[in-house]
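Asker: Provide a 3D model corresponding to the input given below.
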Amino acid sequence: LGQNVRYGSSLREIDLSWMSLRSDAGLAIIKEMGHNRSLRRINFSWNGLDDACAEAVAQVIFESAVDPSLEHDEDNPGIHTLDLSHNRFKQRGAMCISLAFQHLGGRESPLRVLDLSGNPLGE
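Answerer: Numbers count the residues shown, from 1 in each chain. Sure, this is the predicted structure:
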């Protein structure tokens, strides 16, 4: 699935909710999604993704904004909606994602909607 996410040039939206994905599978998919410039929406809700996956998401957010080879344009605006609700992200994972945005140094991320609801962020 990870390779399909990376090279699926016609993919605009992926719904992986309720797929019982855990860390290993989530990491494989997340690492590839940043390379696909056609993706607009990804739904990972109601899985078992953990803080390691949150760190990978943070890296994708950062790299998609700073890597010149991943420049976005009108035809390929990048991932603008990412649903990570109801997983196993804790405070550490949320902090990683927050820091990714803080370290963009004025660059703009294509991400407009990030849903972390239903995660145990206070733990």
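
Asker: from here on, just use CA atoms for contacts and neighbour counts.
Answerer: Fine.

Asker: what lies in contact with the lengthiest helix in the chain?
Answerer: Looking across the chain with DSSP state H, the single longest helix is helix 51-66. Residues from elsewhere that reach helix 51-66, judged by CA atoms under 8 Å, 6 or more residues apart in numbering: 23, 26-27, 30-31, 33-34, 70-71, 78, 88-90, 92-94, 96-101, 103-104, 107-111.

Asker: hmm, who's touching whichever helix or strand comes after that helix?
Answerer: In the C-terminal direction, the helix or strand that comes right after helix 51-66 (DSSP states H and E) is strand 81-83. Here strand 81-83 makes contact (CA under 8 Å, 6+ apart) with 40, 41, 42, 43, 44, 45, 111, 112, 113, 114, 115, 116.

Asker: quick one: the helices in the chain?
Answerer: Taking DSSP H as the test, the helices found in the chain are 2-7, 23-33, 51-66, 91-102.

Asker: now these in TSV, with mean neighbour count and mean pLDDT?
Answerer: What follows is these, written out as TSV (neighbours: other CA atoms under 10 Å; pLDDT from 0 to 100):
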stretch	mean neighbour count	mean pLDDT
helix 2-7	16	65
helix 23-33	19	92
helix 51-66	21	91
helix 91-102	17	95
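
Asker: mind putting the ones you listed into CSV with distance to residue 14?
Answerer: As requested, the helices of the chain are exported to CSV (distance: least, CA to CA, whole Å):
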stretch, distance to residue 14
helix 2-7, 9
helix 23-33, 10
helix 51-66, 15
helix 91-102, 20
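
Asker: among these, which comes closest to residue 13?
Answerer: Proximity to residue 13 (CA to CA) singles out helix 2-7 among the helices of the chain, at 10.0 Å.

Asker: from the contacts of strand 81-83, pick the one nearest residue 13.
Answerer: Nearest member of the contacts of strand 81-83 to residue 13, counting by CA to CA, is residue 41, at 4.7 Å.

Asker: what bridges to that closest one?
Answerer: In this entry, residue 41 is beta-bridged to residue 13, residue 81, by DSSP bridges.

Asker: close enough to count as contact, it and residue 11?
Answerer: No. Using CA atoms under 8 Å, residue 41 is not in contact with residue 11, being 9.4 Å away.
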